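*Asks:* give me coordinates for this.
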Amino acid sequence: MKKTIKTIAVVLLILAGSTLAYCYATPTYTWHQKITVEVESDGRLFTGPSVVEMTVEGIPEELQFRTARKLGMRGEAVVVALPGERYLFGLLTYDAFLTGKVFHDLVGGIVSQPEKGWAQAIQKVRETRELNPKDYPLLVTFTDINDPKTVQQVDSDNLAATFWPGVSLKRITLEITDEPVTEGKIESVLGWWNNLTVPIGGKVDRKYGDPLYGLGKWSFVRR
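*Replies:* Numbering: from 1, shown residues only. Predicted structure coming up:
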């Protein structure tokens, strides 16, 4: 008898959970955004665009006391091909909240609370804006493109220090777009990416706070 009662209680609990999930479905918002890095050198412009898919799972209005949310990203880092087979990469070091910040005047609401509408509104935006330098993704390069151990951070204010005199970063833009997610560029340039099993640069003892600390495979591609 006790076993039967216990079984019934479990079934009722499952049904109650299912009903709650149905009544308070988690809103999910998805959009494509393109980051483009523009570099100038000797009067020539070199650009690298990359489209990623952003996903935000909000909190139902009925459950505003909850604070958990899920952010998702699918796509690749920016690749700018420069002369002399050199490359500049803009890594996936940002998240969906960057978009809400850049287009805050168009979406309204409270950026830190997806259920308030900003993530839903951003899906309808079709505009390109220049990023503030403090919001730039981490920029890196490899002195030897075939060796991940040669990774170097690039100063956005002084590309010449890493590359050559006269080269400079013109701007980085963010756009909400209908273009498809970028695929295959990173793997075509970094032939070792798919087989990488250690942090970028090898097992280097970097201190917490170092911009390259924790830099890994998914800083370049997320699926």
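*Asks:* rest of the way, CA atoms for contacts and neighbours
*Replies:* Noted.
*Asks:* Glu38 contacts Ser50, correct?
*Replies:* No: using CA atoms under 8 Å, Glu38 is not in contact with Ser50, being 11.9 Å away.
*Asks:* ok, the two, which is more surrounded?
*Replies:* Neighbours per residue (other CA atoms under 10 Å) separate Glu38 from Ser50, with Ser50 holding more: 23 against 17.
*Asks:* and the gap between the more buried one and Gly166?
*Replies:* In this view, Ser50 and Gly166 are 25 Å apart by CA to CA, to the nearest Å.
*Asks:* what segments of this structure are helices?
*Replies:* Using DSSP state H, the helices of the chain run over residues 2-23, 96-102, 104-107, 118-122, 185-189.
*Asks:* okay, now Asn132: neighbour count?
*Replies:* 11.
*Asks:* one more: the one 5 residues further on?
*Replies:* The tally of other residues near Pro137 (other CA under 10 Å) stands at 20.
*Asks:* and it, what does it touch?
*Replies:* Residues near Pro137 by CA atoms under 8 Å, 6 or more residues apart in numbering: Gly90, Leu91, Leu92, Thr93, Tyr94.
*Asks:* could I get these as JSON lines with neighbour count, distance to Asp42 and pLDDT?
*Replies:* Shown next, in JSON lines, are those (neighbours: other CA atoms under 10 Å; distance: CA to CA, whole Å; pLDDT from 0 to 100):
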{"residue": "Gly90", "neighbour count": "26", "distance to Asp42": "22", "pLDDT": "98"}
{"residue": "Leu91", "neighbour count": "20", "distance to Asp42": "25", "pLDDT": "97"}
{"residue": "Leu92", "neighbour count": "21", "distance to Asp42": "28", "pLDDT": "96"}
{"residue": "Thr93", "neighbour count": "15", "distance to Asp42": "29", "pLDDT": "92"}
{"residue": "Tyr94", "neighbour count": "14", "distance to Asp42": "30", "pLDDT": "91"}
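*Asks:* name the nearest of those residues relative to Leu71.
*Replies:* Tyr94 (10.9 Å; CA to CA).
*Asks:* just give the closest residue to the closest one, not the sequence neighbours.
*Replies:* Closest residue to Tyr94 apart from its sequence neighbours, by CA to CA, 6 or more residues apart in numbering: Pro137 at 6.4 Å.
*Asks:* from Pro211, how far out is that neighbour?
*Replies:* For Pro137, the distance to Pro211 - CA to CA - is 11 Å.
*Asks:* from Leu91, how far out is Asp144?
*Replies:* Note on Asp144: its distance to Leu91, by CA to CA, is 18 Å.
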